[in-house]
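1. I'd like to go over a predicted model; first the sequence, then the structure.
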Amino acid sequence: MRNPQLLFRPGDGQAGFVTTLTRTKHGLRMSQHGVVISELRTSPGPTHSVFDVLAGVIAVLAPSGRIGVLGFAGGGMVAPLRALGVAAVIDSVDLDRVGYDLFRQHCPQWASGVNWQQADAVAWLRQQPRAFSLLMDDLSVPQAGDVFKPAICWDVLPKLMRRRLRPGGFGVFNLLPAPGGTWNADLAVIVGFFGAARIITLDEFENRIPIAGEVLPTARELGSLLRQALRRLRSRQAGRIQVRTV
């Protein structure tokens, strides 16, 4: 059954942008300026998008321990995470609560597995102990008819994330090109806070996903483990990713 798109406007104090919701076969798709910011599945399974890859990274590197996600949107990673058998509680923060409210409404069975707070990511992270097994930056902001990473994601957040990881923990960054379609030279700054880094690129998406930590699997090992997880998830992204050393 086809349904019209629904428009949601954030409340007072937000940036005044419109989040567009479109019904899909398995749930809802959240977009801003035509850019998909979340695939909200209402049952465990793949989204066949970048959210599967992000979930696969968590499943491979930190299936237990404390997981933190900066930028929740509609919780696009939760359905593939649960399908991969990752039951860990997710601590998350976001300035906009529209996506989280939708998540609670359409996925009430998973709500207890997410500790969500409406707050600034930097302020929230500064209050956290050094206890995370994995921290993921999935923040984005609408700007000039497109969606980009906030400026803090290129310098402030990576350093702070590194300080909040326990020994052996991992930092994961879901990056987008800077305005103008070019990649920010500060990518080197991000990985420079850590001892080692790998980067995931996708055939169908412009996102780049650096993974950083004190010690990491080789690019070949990580790629193999991630593809295995994506095949287990039955995600089409299993054969559409590349992993290399930064």
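-> Everything's here; your move.
2. How far off centre is stretch 188-208?
-> 13 Å (Cα atoms, centre = their mean, to the nearest Å).
3. Stretch 89-106 now?
-> Put simply, stretch 89-106 sits 13 Å off its chain's centre (Cα atoms, centre = their mean).
4. quick one: buried residues of the longest helix that the chain contains?
-> The longest helix of the chain (DSSP state H) is helix 219-233. By 16 or more other Cβ atoms under 10 Å, the buried positions in helix 219-233 come out as 219, 222, 223, 225, 226, 227, 229, 230, 233. C-beta coordinates here come from the backbone N, C-alpha and C atoms, glycine included.
5. got TSV for these, with distance to residue 178 and pLDDT too?
-> Output for the buried residues of helix 219-233, formatted as TSV (distance: Cβ to Cβ, whole Å; pLDDT from 0 to 100):
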residue	distance to residue 178	pLDDT
219	25	98
222	26	98
223	26	98
225	30	98
226	26	98
227	29	98
229	30	98
230	28	98
233	31	97
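6. Which single one of those is nearest to residue 139?
-> Nearest to residue 139 out of the buried residues of helix 219-233 is residue 226 (Cβ to Cβ; 22.3 Å).
7. Check which helices and strands the top strand by length along the chain sits against.
-> Criterion DSSP state E: the longest strand present in the chain is strand 165-173. Secondary-structure packing of strand 165-173 (3 or more Cβ pairs under 8 Å, 6 or more residues apart in numbering; DSSP states H and E): helix 50-61, strand 132-137, helix 156-164, strand 208-213.
8. per-residue confidence averaged over the second one?
-> Read that as strand 132-137. Throughout strand 132-137, pLDDT has a mean value of 97.
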